[in-house]
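K.L.:
for reference, the sequence and a predicted model appear below.
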Amino acid sequence: MSFPLLTATAALPAVGAIVTAAVPAGRRTAAKWTALLFSLGTLVLAGLVFARFEPGGDRYQLTESHPWIADFGVRYDLGVDGIGVALLGLTALLIPFVLLAGWHDADPLETHSSRWRPTQGFFALILMVEAMVILSFEATDVFLFYILFEAMLIPMYFLIGGFGDRAHAGSEENAAAQRSYAAVKFLLYNLAGGLIMLAAVIGLYVVAGSFSLSEIAEARANGSLEMAGSTEKWLFLGFFFAFAVKAPLWPLHTWLPNAMGEATTPVAVLITAVVDKVGTFAMLRYCLQLFPEASKWATPVILVLALVSIIYGALLAVGQRDIKRLIAYASISHFGFIVLGIFAMTSQGQSGATLYMVNHGISTAALMLVAGFLITRRGSRLIADYGGVQKVAPVLAGTFLIGGLATLSLPGLAPFVSEFLVLVGAFSAYPVVGIVATVGIVLAALYVLVLYQRTMTGPVRESVRAMPDLRVRELAVALPLIALLIFLGVFPKPVTDVVNPAVQHTMQDVQKKDPQPEVEAAK
Amino acid sequence: MNPVNYLYLAALLFTIGASGVLIRRNAIVVFMCIELMLNACNLALVSFSRMHGNLDGQILAFFTMVVAAAEVVVGLAIIVSLFRSRHSASVDDASLMKL
Amino acid sequence: MENLIALLVAAPLLGAAVLLCGGRRLDRSGHWIGTVLAAASFVVGAVLFTDMLGKGAEDRALHQKLFSWIPVEGFQADVAFQLDQLSMTFVLLITGVGTLIHIYSIGYMEHDERRRRFFGYLNLFLAAMLILVIADNYLLLYVGWEGVGLASYLLIGFWQHKPSAATAAKKAFLVNRVGDIGLSIAIMLMFTTFGTFAFGPVLEATGDTSEGKLTAIGLMLLLAACGKSAQVPLQSWLGDAMEGPTPVSALIHAATMVTAGVYLIVRSGAIFNAAPDAQLVVTIVGAVTLLFGAIVGCAKDDIKKALAGSTMSQIGYMILAAGLGPIGYVFAIMHLVTHGFFKAGLFLGAGSVMHGMNDEVDMRRYGGLRKYMPVTFVTFGLGYLAIIGFPGLSGFFSKDKIIEAAFAKGGTEGWILGSVALLGAAITAFYMTRVMLMTFFGEERWRHAATPSPDEPDVEPAAATGEPHPHESPKSMTIPMIVLAFGSVFAGGLFSVGDRFLHWLEPVTGHDHGHAPVSATTVTAATMVVLVIGVAVAWAMYGRKPVPAVAPRGSLLTRAARRDLLQDDFNHVVLVRGGEHLTRSLVYVDHTLVDGVVNGTAASMGGLSGRLRKLQNGYARSYAVSMFGGTAVLIAATLLMRAV
Amino acid sequence: MNASLAAAASATSTGEAVQFWLLGTVAVIGALSTVLMKKAVHSALSLAGTMIVLAVFYLANGAYFLGIVQIVVYTGAIMMLFLFVVMLVGVTAADSLKETIKGQRWLAAGCGLGFGVLLIAGIGQASLRSYNGLGAANALHGGNVEGLANLIFTKYVFAFEITGALLITATVGAMLLTHRERTERAKTQRELSQERVRSSHLPPLPAPGVYARHNAVDIAGLLPDGTPSELTVMQTLRRRGQIRDVSGEALADLKALEQRSGERLGRGLADRAEASEEHAEEGEEVAK
């Protein structure tokens, strides 16, 4: 048996979490470095996965399979396709930056006792989330995936509820109340989704007699597993609901602004750039693969929901007064694009959606983390408290602008590629949908530029006059992300090469062909 | 007379005892009502013992008595210490079992 | 030779990267790096140009594929360049004028502590603009398209500490984004129609699809062009864009970027040729903007805004010409090039004036400046003569051709368009003469009115105090002005003699003489007549009697024109206010309705449990009752089960 | 004797029937008075009665050992324990019969009635075998006690041992619950006497009720002017608020007495009336 690379990739951060948590109270810095080293190690392993993965090979590669709960046929089955590789890479890539950005976010306050160890907890929890997310991208057993899908809520809950943004307007009690409201809301929304999914998972087992993704898909494909139309629809809806909450899709989105607003910025990035991707990833892998007919049946409604998310999220972002909530609503808009790409059911749309997941992760991380640096400096999340930062902290403003431009999908930066692919994919299948979604790009420009104008330009406000520019640690976070945004904007081939075959498999699953160009169709 | 009547009597006593538990507020009286219910059970057990023609029912009744004795000791001790702290033997005064 | 194409873009891109990432240590040398790299790009362009001249007309086009950009199933986008005569024209214009303006900026921006950054942005602009014109497919063109938008955003908002500049920058970007919707939909339409969006395959395959599709594509391209070239109805950003430093106005908002729309339409000529309806709309947009810009230009007292109105109007001419189809393509581009010279010259002149007048922009506070800044006066004057179409200067040749071509369109359309073009020429003569008279002639109004203009309370402390001391600008500024003045004077003649320009571009754009209902001489004569009328009216109004230092109330039209013909007010009321209300109500809806449903569910659950909690009253006896009742129910159930 | 008892165990004689109906009635009445009596002492006594009746029933059912144990343990020990506690808590403390929990009484009645009916219906429905009687079982080991002993020490020996443990635990538990930790050193005799001498009450405290024709401990003695004296009643009762105030009654009696004697002696009625009114007013004030 070969080296279980996938297990190792997921296990390393888990081990890291345990080791970090065990660091004694006084050795805060050691804990931070431990966590960072483990996350970098994970990145190396993820790089190995990326290198060992052959785009032209089998659908699932690097597979591992062990029986787990024999009575129910639950197996510990791992394997990655191109989409999994891309997202696994994204996760492993972002976590070191998240850790680095949150270097001081969980330092104990002076009022805390010396035995209090929030730092260790914070870093360990982030690594725990990483482990679970990575494993969920690797799982090819529905039950295993479900367990991880739910289990990652626990560390996330503590990360949101336990480590709030210190830049909160208002009293400490008020902040704590808001935080716990956000954490509970996050948990309840996702648990509700997960509960419905659990029912669907059980239903799937009853119908299919197996939890194995590949087995079920194969049985579906060769006709040995007939599913009544209504059964398939109900099961699909059960899965989709959970994923739509996680993604989040309008109107199940309201937990995200609260959670992102109240959490520390690294955790906010973790939510939107990493954890939420599990939702859209699962739509692509589970909904389309297991329930192709139902997916097609539900497409019109889902496309409308995605469109509403795009426009609605963008409009609400324009109306926000809180920087982090603004970015959260922008993310809702972007998730609308991702879902649109997935359910447009064209090669371009789905490749674009996968690419979008990666790019959105990077661009949101860049924007949000820099916004976090800004917020930490001034101690306020309100846009109105800023002005003229560009003059005192030009590098900060510059990185913020680039993050913003990535968010509005400026050509030349990575998100443009994916957004355009999604739009083209949607347009070629459903022209009207594509046109309406295009309006989103204007609104994106509006909210990003309004944000930039109000915070960075204009006369220098007294409160920001003494604001220092980015420090080395912060530059180490911002610059690589920006470099990556530019690189993937100019040369996305490494990612598309990996993603394309997987998308073709998915297209076969749903038995859809790309619409032919009119000219070629005529010939 | 049919010996079943003993059972009817036991049921009646038990019901009266139970109603007493529900109605009375004095902890001691409530406790007495509980004893009444236990006794009703004992009567039924003895009667069953007679019905089945073996002594197991009586053994059970015997154990009931022992347990009842233990229970009374502890229960009355609780009542006394409750009384000490609250100056009252009313069960309604100890209504802390709520949110 | 092909490999040099990438170098065109690489040089300024490198400059931008170095200058923007280099940090303060480049503050002292940054402007030279920027200028040298811009010049290097011009040199590469010139080399390629001479090489191109050496080849036959048909195989002059060069092509270079760098790498595959977005390879997705069924969707191939490459980073590939194509350099043909049309692109070449633009390359030379962009790098040439660009280099001159770099040189000019060295002097103009001398006292700005962020000069390095300014040059970085200028280089970024050059790179993006070059990508725009040498891309071989629409998607890469889109990259350049947005790139110039970004550069324009950064440069308009260069003085970010001024809220007006930041707002203007944002506005420019947003209005351009609206146009970009058009471009992206056009590209998507091309993809679904042709399966590709490279120039070659798309433009060759126009015959294979329906006219309706092509009209749709054409209209979407026009929308894009309207955004970038400030055509009605997306023109509102250009006036505000004058908040940027003057070299920026000269380069981006006069000579190059704003003409990208014309390039797009001419480049997509094959699509428009096959879609007459779209062409008609293009000409209408051009004609309307032509008048719109001219009227606005007449009313503005801010010298840069007057010139901006003029730019709008002149681009209207180009769009009009481009809409005429093969009759007008060449002339559109020719006017574009000549306009690039004289309008850049005019802007640089205006910048020079401002430089000498403590950044004063109100023409009512100028007057009689010809004595103080002779070089500026002469170069500005030559530019002025060129733009009004004084015989022999470049504007005369290019504008005259467009008017001719408009008439040559034929039919009622031809007459209407031709007349509008003529009328535009008259108004052009009027407002340019007005600018000239107010600035360089008449009494020296600045001597008494040395208070800062109310719009700009916080420009420079120097501007706020004391009387200005008009003086000529340094060499680095006057030399580019002189060079551009040469261009303004001679370019037209150079192009027109022997129809050189026509033959140069014809292989790319095609040409058609049309059926002129009136002879060329008649048109020229008519143009001369309206020209004289325009100048005369302006002289009567501004030359013969003194210009009041404070703007008179003016007629209704004047007042409307001062406010950009109420376009901004419309935008403000409908889009800004409406949008604000929409977002505010949506925020409310999200909070109360969407979130409210969820929180309401939670609250009703809480309420229900609150009710149920009352059962939990803490009385042991109550609990006993439930136990007892429960037992009774159990017994009843048992008995019932046995009975059944 | 043995034979007749054995017979009684297996079948019901007329005598047993009579006994059942007579004593059964007594048992039910006892149970009902346990529930319904206002005073805890009365309840306890009624319960004791019921238990004795039950003991007789046990005997009648052939459970001789249990019958005796019932009397010894229940009536003799447990009920006495109850009485002790009742005395500790306050023998005269009567429950107010006003129900405080809304609907509790109705619910209780409903549940009780329903439960009883169902239980009795259940017994009536059950197919109960004819009675075997305990004759054989008792005879097996030579008697009821021996039979029980045999079972207890063989089959149920573990349960028996565990009940032993339970009893010990209960004893310890009761001690723990009622035990009070001393927070300070106990005072010595000497200290107590010194304290007493220092206090204002060197002579014994006045006895309760002596001036009021009552001699219960919970009635305060009246001072010569008719007001009750707090000192005369135990501290515990005072704290509980279990002092009965009979001063008004006493004054009224006094007034009546004076009137009667006045009538008989033929003294000036007018003076008396005035005086009595004054007294009455005073009495009212005291009552308040």
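P.N.:
Arrived safely, thanks for sending.

K.L.:
right, and the helix or strand after the lowest-mean-pLDDT helix or strand in chain D?
P.N.:
Here the helix or strand of chain D ranked lowest by mean pLDDT, DSSP states H and E is helix D:2-10, holding a mean of 46. Sequence order places helix D:14-36 as the next helix or strand after helix D:2-10, per DSSP states H and E.

K.L.:
is the next helix or strand after that following helix in proximity to chain B?
P.N.:
Remark: after helix D:14-36, the chain's next helix or strand is helix D:40-60, criterion DSSP H and E. Yes. Counting by CB under 8 Å from any CB of the partner chain, contacts between helix D:40-60 and chain B involve D:40, D:43-44, D:47, D:50-51, D:54, D:57-58. Where C-beta positions appear, they are placed from N, C-alpha and C, glycine not excepted.

K.L.:
helices or strands up against the next helix or strand after helix D:40-60?
P.N.:
For helix D:40-60, the following helix or strand on the C-terminal side (DSSP H and E) is helix D:64-69. Helix D:64-69 sits against helix B:56-86, helix D:40-60, helix D:144-153, with contacts defined as 3 or more CB pairs under 8 Å, 6 or more residues apart in numbering or on different chains; DSSP states H and E.

K.L.:
contacts only, for the residue lying closest to A:Leu5 once chain neighbours are set aside.
P.N.:
Nearest residue to A:Leu5, sequence neighbours excluded (CB to CB, 6 or more residues apart in numbering or on different chains): A:Leu62, at 5.5 Å. A:Leu62 makes contact with A:5-6, A:49, A:52-53, A:78-80 under the criterion CB atoms under 8 Å, 6 or more residues apart in numbering or on different chains.

K.L.:
let's go with 6 Å and repeat that
P.N.:
Remark: with contacts taken as CB atoms under 6 Å, 6 or more residues apart in numbering or on different chains, A:Leu62 is in contact with A:5-6, A:80.

K.L.:
equivalent analysis for C:Leu264, please.
P.N.:
C:Leu264 is in contact with C:221, C:225, counting by CB under 6 Å, 6+ apart.

K.L.:
now it: how far from D:Ile29?
P.N.:
109 Å (CB to CB, to the nearest Å).

K.L.:
for A:Ser210, helix, strand, or coil?
P.N.:
coil (DSSP: H, G, I helix; E, B strand; the rest coil).

K.L.:
name the helix or strand for C:Gln64, please.
P.N.:
Taking DSSP H and E as the definition, C:Gln64 sits inside strand C:62-72.

K.L.:
show me what the next helix-or-strand element following that strand is packed up against.
P.N.:
Using DSSP H and E, the helix or strand that follows strand C:62-72 in sequence is strand C:75-83. Judged by 3 or more CB pairs under 6 Å, 6 or more residues apart in numbering or on different chains; DSSP states H and E, strand C:75-83 is in contact with strand C:62-72.

K.L.:
report the angle between the strand it packs on and strand C:75-83.
P.N.:
160 degrees (axes from the mean of the first three to the mean of the last three CA atoms, to 10 degrees).

K.L.:
mind listing what's buried along strand C:62-72?
P.N.:
C:62, C:64, C:69-72 (16 or more other CB atoms under 10 Å in any protein chain shown).

K.L.:
swap in stretch C:438-448?
P.N.:
Quick answer for stretch C:438-448 (16+ other CB under 10 Å): C:438-442, C:445-446.

K.L.:
in a markdown table, list these along with distance to A:Ile338 and secondary structure.
P.N.:
Shown next, in a markdown table, are the buried residues of stretch C:438-448 (distance: CB to CB, whole Å; DSSP: H, G, I helix; E, B strand; the rest coil):
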| residue | distance to A:Ile338 | secondary structure |
| --- | --- | --- |
| C:Met438 | 57 | helix |
| C:Thr439 | 56 | helix |
| C:Phe440 | 60 | helix |
| C:Phe441 | 63 | coil |
| C:Gly442 | 63 | coil |
| C:Arg445 | 61 | helix |
| C:Trp446 | 59 | helix |
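
K.L.:
so who does the residue of chain A found nearest chain C touch?
P.N.:
Residue of chain A nearest chain C, by CB to the nearest CB: A:Pro517 (3.1 Å). Contacts for A:Pro517 (CB under 6 Å, 6+ apart) come out as C:194-195.

K.L.:
do the same with A:Ala365
P.N.:
A:Ala365 neighbours (CB under 6 Å, 6+ apart): A:94, A:269, A:273, A:481.

K.L.:
part of a helix, is it?
P.N.:
Yes. A:Ala365: assigned to a helix according to three-state DSSP.

K.L.:
do you know how far it is from B:Ala70?
P.N.:
67 Å.

K.L.:
C:Ala224 too?
P.N.:
Taking CB to CB, one finds C:Ala224 at 93 Å from B:Ala70.

K.L.:
and B:Ile23, by the same measure?
P.N.:
In terms of CB to CB, B:Ile23 sits 26 Å off from B:Ala70.

K.L.:
same thing with A:Gln508?
P.N.:
Relative to B:Ala70, and taking CB to CB, A:Gln508 is found at 75 Å.

K.L.:
the two - which one has more neighbours?
P.N.:
B:Ala70 (20 against 14; other CB atoms under 10 Å in any protein chain shown).

K.L.:
could you find the closest non-adjacent residue to that one?
P.N.:
Using CB to CB, 6+ apart, the nearest residue to B:Ala70 is D:Ala170, at 3.6 Å.

K.L.:
just the element for the one you found, please.
P.N.:
helix D:157-178.

K.L.:
can you map out the helices along the stretch 151-288 of chain D?
P.N.:
All helices of the stretch 151-288 of chain D, identified by DSSP state H, counting those that start in this stretch, fall at D:157-178, D:189-198, D:235-240, D:247-265, D:269-287.

K.L.:
want to throw these into TSV with distance to B:Leu7 and mean pLDDT?
P.N.:
Shown next, in TSV, are those (distance: least, CB to CB, whole Å; pLDDT from 0 to 100):
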stretch	distance to B:Leu7	mean pLDDT
helix D:157-178	24	91
helix D:189-198	60	86
helix D:235-240	43	70
helix D:247-265	52	78
helix D:269-287	55	51
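
K.L.:
any chance of the ones you listed in a markdown table, plus mean neighbour count and distance to C:Val420?
P.N.:
Converted to a markdown table, the helices of the stretch 151-288 of chain D look like this (neighbours: other CB atoms under 10 Å in any protein chain shown; distance: least, CB to CB, whole Å):
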| stretch | mean neighbour count | distance to C:Val420 |
| --- | --- | --- |
| helix D:157-178 | 14 | 107 |
| helix D:189-198 | 10 | 121 |
| helix D:235-240 | 13 | 109 |
| helix D:247-265 | 14 | 117 |
| helix D:269-287 | 13 | 113 |
